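Trainee: Sharing a sequence plus its predicted fold:
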Amino acid sequence: MSALVNDLANNSGDTHLVIEQDDSLVGADQTTLYHGARRARRDGLPGIVHYDHQRAYEELLLALPDVVAWCWVRSGEWRQRIDPILANVRQVEP
């Protein structure tokens, strides 16, 4: 998630990140995002990252990554269908 915070902070303006709320992960998310934002400021990245946890029914756009991930995993024709909307693919380490 640190790379995501750096990408967002590298933006010239303020950025608002909405994360799907999983009650078991909220504390870990907050810690990771806090440290990532602090590191980005220390590194001199210009943007400010604000973040918020919301449930999927509160922010319907949270369903889109699930749709894209499902198509990616299905491969073949489904992956071809989402290809036009993919800017890049990044391998994320656990």
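Mentor: Structure received. Numbers count the residues shown, from 1 in each chain.
Trainee: Model confidence at residue 14, what's the number?
Mentor: In this model, residue 14 is scored at 63, pLDDT.
Trainee: again, but for the one 3 residues further on
Mentor: Per-residue pLDDT puts residue 17 at 81.
Trainee: How about it: what's its closest non-neighbour residue?
Mentor: Once flanking residues are discounted, residue 17 sits nearest to residue 51: 4.4 Å by C-beta to C-beta, 6 or more residues apart in numbering. Any C-beta I mention is one placed from the backbone N, CA and C, and that applies to glycine too.
Trainee: Just list the residues touching the one you found, thanks.
Mentor: By C-beta atoms under 8 Å, 6 or more residues apart in numbering, residue 51 lies in contact with 16-19, 29, 33.
Trainee: Point out the other helices and strands that the longest helix that the chain contains packs with.
Mentor: Ranked by residue count, the top helix of the chain under DSSP state H comes out as helix 26-42. On a contact count with 3 or more C-beta pairs under 8 Å, 6 or more residues apart in numbering; DSSP states H and E, helix 26-42 meets helix 2-9, strand 49-54.
Trainee: try 10 Å
Mentor: If contacts are counted by 3 or more C-beta pairs under 10 Å, 6 or more residues apart in numbering; DSSP states H and E, helix 26-42 sits against helix 2-9, strand 15-20, strand 49-54.
Trainee: Mean pLDDT lowest where, among those?
Mentor: With a mean of 62, helix 2-9 has the lowest mean pLDDT of the helices and strands packed on helix 26-42.
Trainee: just checking, residue 28 touches residue 22?
Mentor: Yes: in this structure residue 28 lies within contact range of residue 22 using C-beta atoms under 10 Å: 9.5 Å.
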